[in-house]
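Q: Structure, please.
(chains A, B and C)
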Amino acid sequence: MIPQTTPLFLALDLTGTFAFALNGAFTAIRAARLDIIGVVALGMITAMGGGIIRDILIDSLPPATFSDWRYLAVAAGGSLLAFFLGPRLDRLSGPIIALDAAGLSLFAITGATKALQFGLGPAQAAILGAVTGVGGGTIRDMVTQRVPTVMRSELYAIPALLGATLSVIAVSVGAYGLPAALAAAGTCFALRMVGVRYDLNAPRPRGHRDQDDVSAD
Amino acid sequence: MIPQTTPLFLALDLTGTFAFALNGAFTAIRAARLDIIGVVALGMITAMGGGIIRDILIDSLPPATFSDWRYLAVAAGGSLLAFFLGPRLDRLSGPIIALDAAGLSLFAITGATKALQFGLGPAQAAILGAVTGVGGGTIRDMVTQRVPTVMRSELYAIPALLGATLSVIAVSVGAYGLPAALAAAGTCFALRMVGVRYDLNAPRPRGHRDQDDVSAD
Amino acid sequence: MIPQTTPLFLALDLTGTFAFALNGAFTAIRAARLDIIGVVALGMITAMGGGIIRDILIDSLPPATFSDWRYLAVAAGGSLLAFFLGPRLDRLSGPIIALDAAGLSLFAITGATKALQFGLGPAQAAILGAVTGVGGGTIRDMVTQRVPTVMRSELYAIPALLGATLSVIAVSVGAYGLPAALAAAGTCFALRMVGVRYDLNAPRPRGHRDQDDVSAD
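A: Purely as a prediction, here's the structure:
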């Protein structure tokens, strides 16, 4: 078996799990009408979704989430923490976005490097990294009846793809390690937050009228 | 290969499949605008979803649903039966809820015991049992554009987790058999129905105002 | 390893991928508010969803989408093409429906034949073909918050099941090849388009009143 659980991989992956658990649980609290089980369930789904998708696609089954108890503990612990902390935080939208960006960044790195370890090519590894990053949040949005963030206007998939690509490059030139991982994740995180801050969007189809304008054609 | 298809396992798993097939098909009839294919499709998705998720996560591929024709036959047969019986039943909400609780209970048991047979730890097996139980209904709700039951207020995941845990305990003390399986499933079913009956909910975040109250903050 | 990537299989599978990529991307453009990433993401999800589901269920992991760069290239290329072409096309609903029918037909064939190559029985292979055909579009509809086509009224699953069944028959009598594949796919495509054209629907539950009629019971 491939020794993919290096301490660095594990630290990044568990930190991403924790960030997404808090994010998913806070989202459940904001979306309201959810009890403790709904909050914990959404937190755990958000935290574990990306990694489970990754592990299914690279044929690393059962997924680390189920074969390694630390993932379950971190996902459940983060969700419970958010449940008890949540109502005291006045405006949650800031932390929710930052936590989502953190999970996105970290999972992009771990998705890409784990895919390389399982023998996928560089382009595939970069895309799988992006899929790992956006996976948990996409499931979160589908479960809560929202169009997934990756479909909507803000920069979301591009930062993940960039972070994953940087990781692939670092691995292929033999420079992967804590500094490279943090640089790749930091680049993804920064680009995502800049996009949110300045409401930067990717280009839209030319000549396309927004359907929100209900004026007559 | 692990001989997981003991007669007891198969009986519980097929009964759960049948219950969820009826439930999913009745749901499609109530949700209206669905023809025979929509009814059968939703019945089969609900019936097979939990088991397919379970078999993917424990790396038992292809899933039993596709390698054993009896699952397909039971899922399709139950859905067709519901299609022809459905309109004669006056108020369907009672049977729909009871069938959902039955599928939840049975799949929680089979999910937990199959996970143990495939080498997962006790805590993972209990959680996988709960995931198997809630999986089919969650997919059903997502497909029909509803927030999944597991996210909403009633007791749903807790009974499944309890039933799965009881199964894991029974297996680990060597007492697993038809009586123990029925006791575990019955406990889950009873708790779920009590929760529905008395509208018991799990605790909500403290100090949280329901967003349905559109009064000003 | 099973040599499933015959030139015929690959040609059908990549053509289906291309058709669904265009379809998904056009859908994203019509659904509006989606930027280039949203368009490409929805195109790629639609294009790769069915094949990924197929490869997970038959335990062919990592899925061809990730182990063979041509799938990614075709899915991304088709989506980008649609992004740049889309706004020039005046009414997109015709092409969108035809492309969806083409993807449905081709994936039904490739899903069925690949399932046979991986040792599944004939009935399972036919159903898996249908699942492969409807999979991408179902994910597309769930992501964009619509009740999946397979659930709604038009003939959708039946043509896919028919095309897949014809392929299974052709393989089992040793007559499978380009003519048989095109005949099976053509039959599925024609039936689907006839259903759309004449608004043919499968039978509905007898005595069932459409819930859209909000008149009192």
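Q: When you work out contacts or count neighbours from here on, use the C-alpha atoms and nothing else.
A: Fine.
Q: which residues of chain A fall in strands?
A: Read by DSSP state E, chain A holds no strands at all.
Q: how about low-confidence regions in it?
A: Chain A contains residues with pLDDT under 70 at A:1-5, A:32-33, A:87-92, A:153-154, A:200-217.
Q: Spell out which parts of it neighbour chain B.
A: Residues of chain A found near chain B (Cα under 8 Å from any Cα of the partner chain) are A:29, A:31-39, A:41-42, A:56, A:61-63, A:66-67, A:69, A:83-84, A:86-87, A:142-145.
Q: show me where chain A has helices.
A: Using DSSP state H, the helices of chain A run over A:7-31, A:36-57, A:64-67, A:69-85, A:93-117, A:122-143, A:157-172, A:178-197.
Q: Apart from its neighbours in sequence, what residue is nearest residue A:116?
A: residue A:125 (5.9 Å; Cα to Cα, 6 or more residues apart in numbering or on different chains).
Q: ok, that neighbour touching residue A:118?
A: No: applying Cα atoms under 8 Å, one finds residue A:125 not in contact with residue A:118, separated by 9.4 Å.
Q: neighbour count winner among these two?
A: residue A:125 (30 against 17; other Cα atoms under 10 Å in any protein chain shown).
Q: quick one: the more buried one from residue A:112, how far?
A: From residue A:125 across to residue A:112, the span is 5 Å (Cα to Cα, to the nearest Å).
Q: tell me, what's touching those two both at once?
A: A:164, A:168 (Cα atoms under 8 Å, 6 or more residues apart in numbering or on different chains).
Q: circling back: right, so of the helices of chain A, which gets closest to residue B:104?
A: When the helices of chain A are compared by Cα to Cα, helix A:36-57 sits nearest residue B:104, at 15.9 Å.
Q: Identify the residues contacting stretch A:13-23?
A: The list of residues contacting stretch A:13-23 from outside it, by Cα under 8 Å, 6+ apart, reads A:42-48, A:70-71, A:74-76, A:78-79, A:81-82, A:95-97, A:99-100, A:102-107, A:110, A:136-137.
Q: same question, stretch A:68-76
A: By Cα under 8 Å, 6+ apart, the list of residues contacting stretch A:68-76 reads A:14, A:17-18, A:21, A:40, A:43-44, A:47-48, A:64-66, B:123-124.
Q: of all those residues, which comes closest to residue C:186?
A: residue A:48 (41.4 Å).
Q: pretty sure that closest one is touching residue A:135, no?
A: No: assessed by Cα under 8 Å, residue A:48 is found out of contact with residue A:135, at 9.1 Å.
Q: residue contacts, the residue nearest the centre of chain A?
A: The C-alpha lying nearest the average C-alpha coordinate of chain A belongs to residue A:104 (Cα atoms, centre = their mean; 3.0 Å). Contact partners of residue A:104, counting by Cα under 8 Å, 6+ apart, are A:16, A:132, A:133, A:134, A:160, A:189.
Q: Which two of those have the greatest separation?
A: Top of the distance list for those (Cα to Cα): A:132 and A:189, 14.8 Å.
Q: and residue A:65, what does it touch?
A: A:48, A:51, A:52, A:71, A:72.
Q: Looking at these, state which has the most neighbours.
A: Ranked by the number of neighbours (other Cα under 10 Å), the contacts of residue A:65 place residue A:48 first, at 29 neighbours.
Q: Can you give me the separation between that residue and chain B?
A: Distance of residue A:48 to chain B, given as Cα to the nearest Cα, to the nearest Å: 12 Å.
Q: again, but for residue A:170
A: As judged by Cα to the nearest Cα, residue A:170 and chain B stand 31 Å apart.
Q: Next up, the contacts around that residue.
A: Neighbours of residue A:170 in contact, by Cα under 8 Å, 6+ apart: A:176, A:180.
Q: so how far is chain C from it?
A: 21 Å.
Q: if we can go back for a sec, mind putting the contacts of residue A:104 in JSON lines, neighbour count included?
A: What follows is the contacts of residue A:104, written out as JSON lines (neighbours: other Cα atoms under 10 Å in any protein chain shown):
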{"residue": "A:16", "neighbour count": "30"}
{"residue": "A:132", "neighbour count": "32"}
{"residue": "A:133", "neighbour count": "36"}
{"residue": "A:134", "neighbour count": "28"}
{"residue": "A:160", "neighbour count": "34"}
{"residue": "A:189", "neighbour count": "25"}
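Q: if I look at residue A:159, how far off is chain C?
A: According to Cα to the nearest Cα, residue A:159 stands 11 Å off from chain C.
Q: thought that residue was touching residue A:186?
A: No: using Cα under 8 Å, residue A:159 is not in contact with residue A:186, being 10.0 Å away.
Q: list residues touching both of those two?
A: residue A:105.
Q: Counting neighbours, go ahead and name the busier of these two.
A: residue A:159 (27 against 18).
Q: Right, I'll leave it there.
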